[in-house]
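Novice: Provide a 3D model corresponding to the input given below.
(one chain, ligands or ions: 2)
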Amino acid sequence: MKRPKLSVVVPCYNEEGCLDMLHARISAAARDVVGEDYEIVLINDGSRDGSWSVMQRLSAADPHLVAINLSRNHGHQLALTAGLDLCAGEEILIIDADLQDPPELLGPMRELMHAQGADVIYAVRRKREGESLFKKLTAAVFYRMLDRITDTPIPLDTGDFRLMTRRALDAFLSLPEQARFIRGMVAWVGFRQLPFVYDRHERHAGETKYPLGKMVRFALDAITGFSTAPLRFASHVGLLLTGASLLLMLYILVGWLMGNAVQGWTSTMLVVVFLGAVQMFVLGMIGEYLGRLYVESKRRPLYLVADVAGPVKGHASLGY
Ligand code: UDP
Ligand code: MG
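Specialist: Ligands and ions are numbered 1, 2, ... in the order given. Okay, the predicted model is just below:
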């Protein structure tokens, strides 16, 4: 089996406006470092715009390009998983379709990788241009909180933009979970991983494919996938409330002994309402884990491929 030196893997959802420029810039960057020995793997994640026809057109004209059409929108992390599964390269670059991460950094990242004998070079965002204050703020808080509650050291301010060796990728691919927080899973794999600091640009075209709902889901997958701290939190709260209720019981008993037993609708309601809220919150948290346990137990395939376009004949991973 002959592997290309480099695979560039790009998940795409409604990115028709970015694909031509993306293809041109990745091709130039790849050619600079490995000559002709590369492939570009584009994954169409059930786009509703013309992304798939653009991919077919590009792949018809460029033998380096493999385009994979998923059966529907599976979400960023699963689309990326599909690409990582199906790519064949010795080294793998993961990059977004919107050109927020400059493909031209491939050269310097690869140099660092070789100079240091690293298995993963992950790109750390120093600046983020053209993104809302809300997005930057929530991202900053999220990564710092995640860092506090996980046992896996997941690098701060790091997306999926990274260069990996085949050895690190194969290790990553051996992780079977359904709820996939890829940047955390790659960190978990270990080997020698080094940061590469860069400035993140504005989107080339279109708008973010991560609205608030998806961001929350993504964050929950990250937290539940890499930490059981919320479950421990339940027992901590329980312990704290037990202590508080002992004090309250003492107070009530003393009151009773002193003859003023019936009193305090306000305090009763406060306690009932507060405990009800805490219990619901904790139940919800347990539910998050339970739901994921259920999803994992079904062992469904992570993604389904509908069509493949490009030079699939002889492709190491696609089995043609
Ligand atoms: N993406 C995807 N499937 C989705 C959502 C996003 O494949 O359901 C891709 C998207 O096309 C892009 C990458 O994931 O290449 C990151 O998305 P985006 O740039 O919108 O996220 P942001 O940079 O705003 O966090
Ligand atoms: Mg983006």
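
Novice: Mind jotting down where the helices sit in the stretch 101-250 of the chain?
Specialist: All helices of the stretch 101-250 of the chain, identified by DSSP state H, counting those that start in this stretch, fall at 106-116, 133-149, 166-173, 182-189, 212-226, 229-257.

Novice: Out of the ones you listed, which is the most enclosed?
Specialist: helix 182-189 (a mean of 21; mean count of other C-beta atoms under 10 Å). All C-beta atoms are positioned from the backbone trio N, CA, C, and that covers glycine.

Novice: and that helix, how far out from the chain's middle?
Specialist: Helix 182-189 sits 9 Å away from the centroid of its parent chain (C-alpha atoms, centre = their mean, to the nearest Å).

Novice: again with stretch 20-34
Specialist: Mean-position distance between stretch 20-34 and its chain equals 24 Å (C-alpha atoms, centre = their mean).

Novice: residue ranges with poor pLDDT in the stretch 151-300 of the chain?
Specialist: Along the stretch 151-300 of the chain, the parts satisfying pLDDT under 70 run over 261.

Novice: Kindly report the residues of the stretch 1-150 of the chain close to ligand 2.
Specialist: 96, 98, 100 (C-beta under 5 Å from the ion).

Novice: Tell me the buried residues in the longest helix along the chain?
Specialist: Determined from DSSP state H, the single longest helix within the chain is helix 265-298. Of all the residues in helix 265-298, those buried under the rule 16 or more other C-beta atoms under 10 Å are 282, 285, 292.

Novice: Give me the three-state assignment for the residue located most distally from the centre of the chain.
Specialist: Distance from the C-alpha centroid of the chain peaks at Gly259, with 61.0 Å (C-alpha atoms, centre = their mean). Under the three-state scheme (DSSP: H, G, I helix; E, B strand; the rest coil), Gly259 adopts coil.

Novice: closest to Leu133 among the buried residues of helix 265-298?
Specialist: Closest approach to Leu133 among the buried residues of helix 265-298 (C-beta to C-beta): Met285, at 28.8 Å.

Novice: Now do the contacts for that closest one.
Specialist: 230-231, 233-234 (C-beta atoms under 8 Å, 6 or more residues apart in numbering).

Novice: Show me which of those residues is closest to Asp199.
Specialist: Comparing the contacts of Met285 against Asp199 with C-beta to C-beta places Pro230 closest, at 34.0 Å.

Novice: quick one, what contacts the closest one?
Specialist: Going by C-beta under 8 Å, 6+ apart, Pro230 touches 149, 223-224, 285, 288-289.

Novice: Equivalent analysis for Leu173, please.
Specialist: 84-85.

Novice: and the closest residue to Leu93 other than its chain neighbours, what are its bridge partners?
Specialist: Leaving aside its chain neighbours, Leu93 sits nearest to Val8 (4.7 Å; criterion: C-beta to C-beta, 6 or more residues apart in numbering). Here Val8 sits in beta bridges with Ile40, Leu93, as judged by DSSP bridges.

Novice: Quick one: residues contacting Val8.
Specialist: 26, 30, 38-41, 92-93, 95, 103, 106.

Novice: could you list every residue that touches the residue minimising distance to the centre of the chain?
Specialist: Centroid check for the chain by C-alpha atoms, centre = their mean gives Phe181 as the closest residue, at 3.9 Å. Residues in contact with Phe181 (C-beta under 8 Å, 6+ apart) are 77, 218, 221-222, 225-226.

Novice: go on, His201?
Specialist: His201 neighbours (C-beta under 8 Å, 6+ apart): 99-102, 129-130.

Novice: of all these, which comes closest to Tyr122?
Specialist: For the contacts of His201, the nearest to Tyr122 is Asp101 (11.3 Å; C-beta to C-beta).

Novice: Would you mind measuring from the residue nearest to Leu93 to ligand 2?
Specialist: Applying C-beta to the ion, to the nearest Å, the value for Val8 to ligand 2 is 16 Å.

Novice: so which of the helices of the stretch 101-250 of the chain comes closest to Ser47?
Specialist: helix 212-226 (15.2 Å).

Novice: what comes into contact with stretch 158-170?
Specialist: 3, 80, 84, 89-96, 101, 106, 109-110, 113, 119-125, 143, 172, 182-183, 186, 189, 191, 195.

Novice: The closest residue in space to Leu106 that isn't next to it in sequence: neighbouring residues, count only.
Specialist: The shortest distance from Leu106 to any non-neighbouring residue, by C-beta to C-beta, 6+ apart, is to Ala29 (4.6 Å). Neighbour count for Ala29, taken as other C-beta atoms under 10 Å: 22.
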